[in-house]
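>>> have a look; sequence and predicted model below, questions after that.
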Amino acid sequence: MAMKKAATAAIKSLRSASSVSASSIFTRQLHAATGSKKIVGVFYKANEYASMNPNFVGCAEGALGIRDWLESQGHQYIVTDDKEGPTCELEKHIPDLHVLITTPFHPAYVTAERIKKAKNLQLLLTAGIGSDHVDLQAAAEAGLTVAEVTGSNVVSVAEDELMRILILVRNFVPGYHQVISGDWNVAAIAHRAYDLEGKTVGTFGAGRIGRLLLQRLKPFNCNLLYHDRVRMESELENQLGAKFEEDIDKMLPKCDIIVINTPLTEKTRGMFDSARIAKLKKGVLIVNNARGAIMDAQAVADACASGHIAGYSGDVWNPQPAPKDHVWRHMPNHAMTPHISGTTIDAQLRYAAGVKDMLDKYFKGEDFPTQNYIVKEGKLANRTAAYYSSRPSKRRVHGRRLKTRKATEAHLSIRLPPLFISLGVFGKVKLEMADAKPGMRKPVFTKVDQLRPGTSGHTLTVKVVSSKMVLQKGRPDGPQVRQMRIAECLVGDETGMIVFTARNEQVDLMKPDTTVILRNAKIDMFKGSMRLAVDKWGRVEVTDPADFTVKEDNNLSLVEYELVNVVEE
Ligand SMILES: NC(=O)c1ccc[n+]([C@@H]2O[C@H](COP(=O)([O-])OP(=O)(O)OC[C@H]3O[C@@H](n4cnc5c(N)ncnc54)[C@H](O)[C@@H]3O)[C@@H](O)[C@H]2O)c1
């Protein structure tokens, strides 16, 4: 009950999300204090399974594989699964912890009350995606930073959704039970088993997971629909073969299968109530790996009982762990599991790497990757404010300067950069953030004019046109431990030119007329324009001179982008 209240409060309190202003809040400076930190992690306990796989880092015993690393730097790291009630282990550490790492799979509900008690708290990290278990408004008011590992388990969830669709369409679960119980009754399965081909599948939400699902569904020759706050670029729509539906209530009744892929917000909480469900096709199948509370639990159970919903599958519940008497455990035609889709071993390694990367940046006073912020030092991140805003008609997106107010969303890359993590005894593991594939991925070379805001993971061959040192701190033989040098370089190929920000040793490589390969480069925005950079996950390599002439009259860094309001109809 307490957990339910906390989650409700988290969303309710966001009603005034857009009214939180930097001046009205008490900001606990994220990077102000140095020295030893007390870090607490709350993860599910694995007991006898903990030692079965050295890469099982997502459990309490595995502790994200960062214990040795943290302790070697003098930090205190406490890990528990005990998260409920006034005497739980987590509660004991609330008054003096600096960082709290939580996960959606075993959510520690971070209520306003807990935040108030946590006087030293600076940073809340979600190992995974979805921070609705945190009272974000209270976190913002306390000046905290909340960040998650955006993109870390999107492939895991999209694959799982595809599996659930097939399980429901084929009426798989009763067949499995027959085998276990010694039965053999083909008719009991076959009378309601179908092919996926030719069915209409609609996703409510087409962000990272929704798009990956559409991509995976394309070869099945379905009729693919999507509804989202913002329409994709038409090129991406064509690639995915999906049709945009502006009105959710016009899309839903067309669907044989509905998949939920939006966050839980004030707007999506309880959206699928009995009235909306009544308007769905009789016999509809629903897959929901997004959040349990997007559904009215009883309405779903009733519709499963009446047959209006012919099958419901997902891994998310409200609350979690689901109580033994949760109505979804006992409704007919369900294929529910505990919250597992986003915590495959591959996903664990990715979100562990993401958490480690953010902690490292936190200790060094560096910013996190922009897309990870949910609340940044007391201010709701743009994305959060847009999703959670109580004003239904507006959304801020990053887009090219547009003549009309109606914009398509800037390309949202679903290819995220590779991450490397040193996992203590497990050694160095190569990780791909979103499109994980075993082994090394062949780099795909990009041309300069294909670069877009908000993208990363680019590999390009460019010539250095010019290089100008803009910052130099510390001498190699000086008292500072670290030297810092930054040069702004113009680099380009036959399609265009862009400013590349070179740091430290990179500066030495960026000599005019040199040809370099920039591996895993990313776009940073500086005063509304794009700049290219290569951080520690990428590489700058000098290569053989290229034979192209740089197209100097197409300087992408001179194109100004702005945040535009997109009016939803
Ligand atoms: N089950 C799991 O293990 C698991 C793992 C990861 C994520 N998730 C859930 O999936 C959700 C989606 O993840 P993602 O990475 O695709 O996020 P995302 O931010 O990339 O995409 C979310 C999409 O939902 C859209 N949206 C938000 N509010 C909307 C509204 N009211 N109406 C229409 N569209 C709306 C956004 O525009 C965006 O395109 C997460 O928020 C999380 O709750 C679950």
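Everything's here; your move. Residues are numbered from 1 along each chain as shown.

>>> for the record, mean pLDDT for stretch 520-531?
In this model, stretch 520-531 has a mean pLDDT of 88.

>>> pull out the buried residues from it.
Asn520, Ala521, Lys522, Ile523, Asp524, Ser529, Met530, Arg531 (16 or more other CB atoms under 10 Å). Every residue, glycine included, has its C-beta placed from N, CA and C.

>>> list just the nearest of the residues you listed to Gly496.
Relative to Gly496, the closest of these is Met530; by CB to CB it sits at 10.7 Å.

>>> the closest one against Ile523, yeah?
Yes: in this structure Met530 lies within contact range of Ile523 using CB atoms under 8 Å: 5.1 Å.

>>> tell me, what's touching the two both at once?
Common neighbours of Met530 and Ile523, using CB atoms under 8 Å, 6 or more residues apart in numbering, are Leu451, Arg452, Pro453.

>>> burial count for the last one?
By other CB atoms under 10 Å, the residues close to Pro453 number 17.

>>> quick check: the gap between it and Glu237.
19 Å (CB to CB, to the nearest Å).

>>> the first one too?
Note on Leu451: its distance to Glu237, by CB to CB, is 21 Å.

>>> looking at the two, which is more packed in?
Leu451 (21 against 18).

>>> isn't the more buried one up against Phe500?
No: contact criterion CB under 8 Å: Leu451 and Phe500 do not qualify, at 10.9 Å.

>>> joint contacts of the two?
Leu532.

>>> contacting residues for Ser466?
Here Ser466 is in contact with Cys489, Leu490, Pro512 (CB under 8 Å, 6+ apart).

>>> any quick PyMOL command for the buried ones out of these?
Here is the PyMOL command that selects the buried residues among these (16+ other CB under 10 Å):
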select buried, resi 489+490
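
>>> list the ones among the contacts of Ser466 that fall in helices.
Judged by DSSP state H, helices contain none of those.

>>> whatever residue of the stretch 101-250 of the chain ends up closest to the ligand and Trp317, how far apart?
Minimum separation of the stretch 101-250 of the chain from the ligand (CB to the nearest ligand atom) falls at Gly207, amounting to 1.7 Å. In this view, Gly207 and Trp317 are 21 Å apart by CB to CB.

>>> can you check Leu212 too?
23 Å.

>>> what is the burial count for the nearest residue to Ala158 once chain neighbours are set aside?
Nearest-residue entry for Ala158: Leu212, 3.6 Å, with adjacent residues in sequence omitted and distances by CB to CB, 6 or more residues apart in numbering. The tally of other residues near Leu212 (other CB under 10 Å) stands at 24.

>>> can you check the one 4 residues further on too?
Burial of Arg216 is recorded as 16 neighbouring residues (other CB under 10 Å).

>>> surely it touches Met163?
No: if you go by CB under 8 Å, Arg216 and Met163 don't touch, sitting 10.1 Å apart.

>>> over to the residue of the stretch 101-250 of the chain closest to the ligand: give its phi and psi.
Dihedral angles of Gly207 (phi, psi; degrees, to the nearest 10) stand at phi -90, psi -140.

>>> just give the nearest non-adjacent residue to it, would you?
Using CB to CB, 6+ apart, the closest residue to Gly207 is Asn261 (6.6 Å).

>>> how near is the one you found to Ala46?
Per CB to CB, Asn261 is found 28 Å from Ala46.

>>> between those two, which has more neighbouring residues?
Taking neighbours as other CB under 10 Å, Asn261 and Ala46 compare with Asn261 leading, 28 against 17.

>>> can you check the pLDDT for that one?
98.

>>> from what I see, it and Leu212 are in contact.
No: counting by CB under 8 Å, Asn261 does not reach Leu212; the two are 9.4 Å apart.

>>> which residues in the stretch 301-450 of the chain form strands?
Taking DSSP state E, counting those that start in this stretch as the criterion, the stretch 301-450 of the chain carries its strands at 309-314, 334-336, 373-376, 379-380, 394-400, 418-422, 428-432.

>>> over to the stretch 51-200 of the chain?
In the stretch 51-200 of the chain, strands defined by DSSP E, counting those that start in this stretch lie at 76-80, 99-102, 123-126, 145-148, 200-204, listed in chain order.

>>> next, format those as a markdown table and append mean neighbour count, mean pLDDT and distance to Ala301.
Shown next, in a markdown table, are those (neighbours: other CB atoms under 10 Å; pLDDT from 0 to 100; distance: least, CB to CB, whole Å):
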| stretch | mean neighbour count | mean pLDDT | distance to Ala301 |
| --- | --- | --- | --- |
| strand 76-80 | 17 | 98 | 33 |
| strand 99-102 | 26 | 98 | 29 |
| strand 123-126 | 26 | 98 | 29 |
| strand 145-148 | 26 | 98 | 30 |
| strand 200-204 | 24 | 98 | 20 |
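
>>> closest to Ile248 out of those strands?
When the strands of the stretch 51-200 of the chain are compared by CB to CB, strand 200-204 sits nearest Ile248, at 6.4 Å.

>>> now do the helix or strand where the residue nearest to Ala158 lies: which elements does it pack against?
Under the criterion of DSSP states H and E, Leu212 resides in helix 208-217. Helices and strands touching helix 208-217, as assessed by 3 or more CB pairs under 8 Å, 6 or more residues apart in numbering; DSSP states H and E, comprise helix 154-169, strand 200-204, strand 223-227, helix 234-240.

>>> can you tell me which of the ones you listed is most buried?
Stretch with highest mean neighbour count among the helices and strands packed on helix 208-217: strand 200-204 (a mean of 24; mean count of other CB atoms under 10 Å).

>>> wait, doesn't Glu148 sit right on Asn372?
Yes: with contact defined as CB under 8 Å, Glu148 counts as touching Asn372 (6.0 Å).

>>> what comes up buried for whichever strand in the chain runs longest?
If you go by DSSP state E, the chain has its longest strand at strand 458-473. Buried residues in strand 458-473, counted by 16+ other CB under 10 Å: His458, Thr459, Leu460, Thr461, Val462, Lys463, Val464, Val465, Ser467.

>>> for Lys324, see how far away the fifth one is.
Here the distance between Val462 and Lys324 works out to 60 Å (CB to CB).

>>> the last one too?
The spacing between Ser467 and Lys324, counted by CB to CB, is 65 Å.

>>> name the nearest residue to Met528, ignoring sequence neighbours.
Let me fix one detail, which is that residue 528 is Gly and not Met. Nearest non-adjacent residue to Gly528 (CB to CB, 6+ apart): Glu560, at 4.7 Å.

>>> quick one: low-confidence ranges for the stretch 401-550 of the chain?
Within the stretch 401-550 of the chain, the stretches with pLDDT under 70 are 401-442, 475-482.

>>> can you map out the helices along it?
Assigned by DSSP state H, counting those that start in this stretch, the helices in the stretch 401-550 of the chain fall at 505-509.

>>> ok, now the stretch 1-150 of the chain?
2-12, 67-72, 89-93, 112-117, 136-141.

>>> what packs against the fourth one?
Judged by 3+ CB pairs under 8 Å, 6+ apart, the packing partners of helix 112-117 are helix 136-141.

>>> ok now the helix it packs on, how far from the chain's centre?
Distance of helix 136-141 from the chain centroid (CA atoms, centre = their mean, to the nearest Å) equals 20 Å.

>>> could you do stretch 151-171 as well?
For stretch 151-171, the distance to the chain centre is 17 Å (CA atoms, centre = their mean).
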